[in-house]
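Trainee: Build me a model from this:
(2 chains)
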2 protein chains.
Amino acid sequence: MGGDFGPRVIVPALVKSLRKHPGVSALVLGEQRTLDKALKDCSAADVLSRIQTCYSNSVIGDDDSASTIIRSRQDSSMGLALKAVADGDAHACISAGHTGPLMALALVILKTLPGISRPAICATFPTREGRSYILDLGANLDCSPAQLSQFAVLGSLVTRELEGISKPRVCLLNVGEEASKGNSVIKKTAGLLEAEPLVNYCGYVEGDGLFQGHAQVVVCDGFSGNVALKASEGVARMVNGMFSDLFRSSWLNRLAALLLGTSMNALKSRLDPAVYNGAYLLGLNGVTVKSHGGADKIAFAHALDVAIDAAKHNLPEVLSPILQSKIDNNQTAETN
Amino acid sequence: MGGDFGPRVIVPALVKSLRKHPGVSALVLGEQRTLDKALKDCSAADVLSRIQTCYSNSVIGDDDSASTIIRSRQDSSMGLALKAVADGDAHACISAGHTGPLMALALVILKTLPGISRPAICATFPTREGRSYILDLGANLDCSPAQLSQFAVLGSLVTRELEGISKPRVCLLNVGEEASKGNSVIKKTAGLLEAEPLVNYCGYVEGDGLFQGHAQVVVCDGFSGNVALKASEGVARMVNGMFSDLFRSSWLNRLAALLLGTSMNALKSRLDPAVYNGAYLLGLNGVTVKSHGGADKIAFAHALDVAIDAAKHNLPEVLSPILQSKIDNNQTAETN
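Mentor: Numbering: from 1, shown residues only, chains lettered A, B, ... in the order given. The predicted model follows:
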């Protein structure tokens, strides 16, 4: 039970989520005293029977290196949550802790799916028409063409499974749409994707094209993906703030805000970053979802929805045989 | 006279600009027939005497390599415009043509300022408080720490000169604010900037922090800068579109739009990408400004304002001695 606000946000969000999903139960992991107090203070008697606890007093320090974490923090609440998934005691792990430790522990405890060298962080973002998937968002800052190609396969399979789109349009994030644009990594990746039967590759997409909806899966390295998505959130927040200021700036404008009423609120909530909280760590042998550390109750509840949905779709079980047969086919092709 | 729309946009924008700036005159370069026709059709008799023409029939092809451009396209309109600046016949060059050829020709014709290995594309973007500068935006997709450090110096000096801020806050674009975040290039650059006396280095900024205004100069490689700014434009355009749809969706909402009137328009125009058109090619020995290829009249007129302002400030002449004395100081330090 991590994140910037701990149980103060997580418990109310969990209660909200359990009420919404009657078939779901939760295993909450954390430091004993904090956990007991949080649940004692929780007045939601209707769902308490569906909340199990598991104590851990091993804490991951801000300065712990990846090797320290792997060697001696597997009994942290984060490590135990991942083990519960690995052992089949839980269908999904969700954490609002730091990405680095989560990734390090998930790699050793859950391991990756066949043919996947590193997991990628994948999230959805709004477009004018609906929503699209983007990966990686920061787990792998520098990526090889082979890695980016793996991300394209993962993103494509997940979008097919979760959105029911048979051949999602996959694009590579670049600084231009012409074939001559981009650095050597981008150009080599484009070559790999053109030859990849599991991917419906549709060329380059630029930053401003992200939100037009043509690209249903956007593939990029973790640095540019993180920058693109956070910059977009920043603009959306700034614009929302400017409109809020505008609607308060005179009585005429306050009246206008009243007239706009619910349709305005619907628009605002569609652009609210909270509604997009909850990123998949894709490519792992178990469902793992990362919430923003600073998520509020609504945002964390949304991340729970994301995890529950991925678990219901049995994402790793669906992906694993497809990825395995891809390896087998390549080997057969090499032998012949 | 390039860009997607040629004289159809450039001539009306130029007329608008010349009326706004009575002391400015223009040298327009392009293919003879197109140019003569465009100016013959132009009814702005009051400013025509301030427009000179220069013909060029050498056209840069979409498939021309950088070496072809340098070897045999220096007599294109773009090359001649840069030569006019190099020869002192013009104070600034502005082009809506492709960035690659402009950069290639500018490098050989104008050359870089002392100690600058490659120019960077630099533009302003809106923040909640005012505006900030960001570079590079796509001229250098992969950058070394030394290059990024040069960009920080350039951005800092230009912001000081153009905005009158004595010590602009310079930040490095990264995927987190903590010192441990980022790849090795970012971390090495941070080390260089901490030791750079010409830069008031203020740490990392994330994508969502761009628009808060803390960073007055944002330094990044051309790939992530391009992605960040274009993604931001994409979101701003999407949000603007959604609000426009909202204001048309019922008679109550149309009434609300009427009530908001001018204050709404002011907000929209502050977020309009056209108002941020016109990017400096910084680090060259002459003022060069790149307009969006798809700029309309208002956007191109804004890019003309940017060029005129940079020329009035004598940007290269102001920067050159500072950069030269930086080199001299380093050499003295090495000798001692």
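Trainee: Chain A - how does it break down into domains?
Mentor: Here the domain parsing of chain A from automatic domain parsing is A:1-116+A:283-336, A:123-276.
Trainee: secondary structure element for the closest residue to chain B within the stretch 1-150 of chain A?
Mentor: Nearest residue of the stretch 1-150 of chain A to chain B (CB to the nearest CB) works out as A:L141 at 4.5 Å. C-beta: built from backbone N, CA, C; applies to glycine. Here A:L141, judged by DSSP states H and E, is contained in no helix and no strand.
Trainee: wait, it sits on B:G182?
Mentor: Yes: if you go by CB atoms under 8 Å, A:L141 and B:G182 touch, sitting 7.0 Å apart.
Trainee: Now the common contact residues for these two.
Mentor: Common contacts of A:L141 and B:G182, defined by CB atoms under 8 Å, 6 or more residues apart in numbering or on different chains, comprise B:V175.
Trainee: which stretches of chain A form helices?
Mentor: A:7-20, A:32-40, A:45-48, A:66-72, A:77-86, A:99-109, A:145-163, A:184-194, A:222-248, A:251-271, A:297-312, A:315-335 (DSSP state H).
Trainee: What parts of the stretch 51-200 of chain A come near chain B?
Mentor: Counting by CB under 8 Å from any CB of the partner chain, the stretch 51-200 of chain A comes close to chain B at A:P126, A:T127, A:R128, A:G138, A:L141, A:D142, A:L173, A:V175, A:G182, A:N183.
Trainee: ranking the residues you listed by neighbours, who comes first?
Mentor: The residue in these with the most neighbours, by other CB atoms under 10 Å in any protein chain shown, is A:L173 (27 neighbours).
Trainee: How about that one: what's its closest non-neighbour residue?
Mentor: A:C220 (3.8 Å; CB to CB, 6 or more residues apart in numbering or on different chains).
Trainee: what's the one you found sitting at in phi/psi?
Mentor: The phi/psi pair for A:C220 (degrees, to the nearest 10) reads phi -160, psi 170.
Trainee: correct me, but A:D309 touches A:L162?
Mentor: Yes: here A:D309 reaches A:L162: they are 6.9 Å apart, a contact under CB under 8 Å.
Trainee: neighbour count winner among those two?
Mentor: Using other CB under 10 Å, the more surrounded residue of A:D309 and A:L162 is A:L162, with 19 against 16.
Trainee: From B:V24, how far out is that one?
Mentor: Computed as CB to CB, to the nearest Å, the A:L162 to B:V24 distance reads 57 Å.
Trainee: cool, A:G207 as well?
Mentor: On the measure of CB to CB, A:G207 and B:V24 end up 33 Å apart.
Trainee: got it, and A:L35?
Mentor: A:L35 is 70 Å from B:V24, by CB to CB.
Trainee: now do A:V108
Mentor: A:V108 is 66 Å from B:V24, where distance means CB to CB.
Trainee: neighbour count winner among those two?
Mentor: B:V24 (18 against 14).
Trainee: For the residue lying closest to A:L259 once chain neighbours are set aside, give me its contacts.
Mentor: Spatial nearest neighbour of A:L259, excluding adjacent residues (CB to CB, 6+ apart): B:A256 at 4.0 Å. Going by CB under 8 Å, 6+ apart, B:A256 touches A:L255, A:A256, A:A257, A:L259, A:L260, B:F247.
Trainee: what's the answer for A:G209, then?
Mentor: A:C171, A:E177, A:A215, B:K230, B:G234.
Trainee: What about the first one, how many residues nearby?
Mentor: Translated: A:C171. Other residues close to A:C171 by other CB under 10 Å number 26.
Trainee: Let me see the contact set for it.
Mentor: A:Y201, A:C202, A:G203, A:Y204, A:V205, A:G209, A:H214, A:A215, A:V217, A:V218, A:V219.
Trainee: Not counting sequence-adjacent ones, nearest residue to the last one?
Mentor: Excluding the flanking residues, the one nearest A:V219 by CB to CB, 6+ apart is A:A152, at 4.7 Å.
Trainee: Look at the one you found and report its pLDDT.
Mentor: With respect to pLDDT, A:A152 scores 98.
Trainee: so A:A215 touches A:V205, yeah?
Mentor: Yes: using CB under 8 Å, A:A215 is in contact with A:V205, at 4.4 Å.
Trainee: Distance check, A:R254 against B:L260.
Mentor: When A:R254 is compared with B:L260 (using CB to CB), they lie 11 Å apart.
Trainee: who's more crowded, the two?
Mentor: Taking other CB under 10 Å, A:R254 and B:L260 do not tie; B:L260 has more neighbours (27 against 12).
Trainee: coming back round to it: now that we have the contacts of A:G209, which of them are buried?
Mentor: A:C171, A:A215, B:K230, B:G234 (16 or more other CB atoms under 10 Å in any protein chain shown).
Trainee: circling back to that earlier point, would you format the residues of the stretch 51-200 of chain A next to chain B as TSV with distance to A:A104 and pLDDT included?
Mentor: Below are these laid out as TSV (distance: CB to CB, whole Å; pLDDT from 0 to 100):
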residue	distance to A:A104	pLDDT
A:P126	31	87
A:T127	33	87
A:R128	38	79
A:G138	14	92
A:L141	15	93
A:D142	17	92
A:L173	26	98
A:V175	32	94
A:G182	31	92
A:N183	28	92
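Trainee: what's the farthest-apart pair in those residues?
Mentor: A:R128 and A:D142 (31.7 Å; CB to CB).
Trainee: Correct me if wrong: A:A26 contacts A:L14.
Mentor: Yes: judged on CB under 8 Å, A:A26 makes contact with A:L14 at a distance of 5.7 Å.
Trainee: shared neighbours, the two?
Mentor: A:I51.
Trainee: What residues sit buried inside the helix-or-strand element of chain A with minimal mean pLDDT?
Mentor: None of the helices or strands of chain A scores lower by mean pLDDT, DSSP states H and E than helix A:251-271, at a mean of 82. Buried residues in helix A:251-271, counting neighbours by 16+ other CB under 10 Å, are found at A:N253, A:A256, A:A257, A:L259, A:L260, A:S263, A:M264, A:L267, A:L271.
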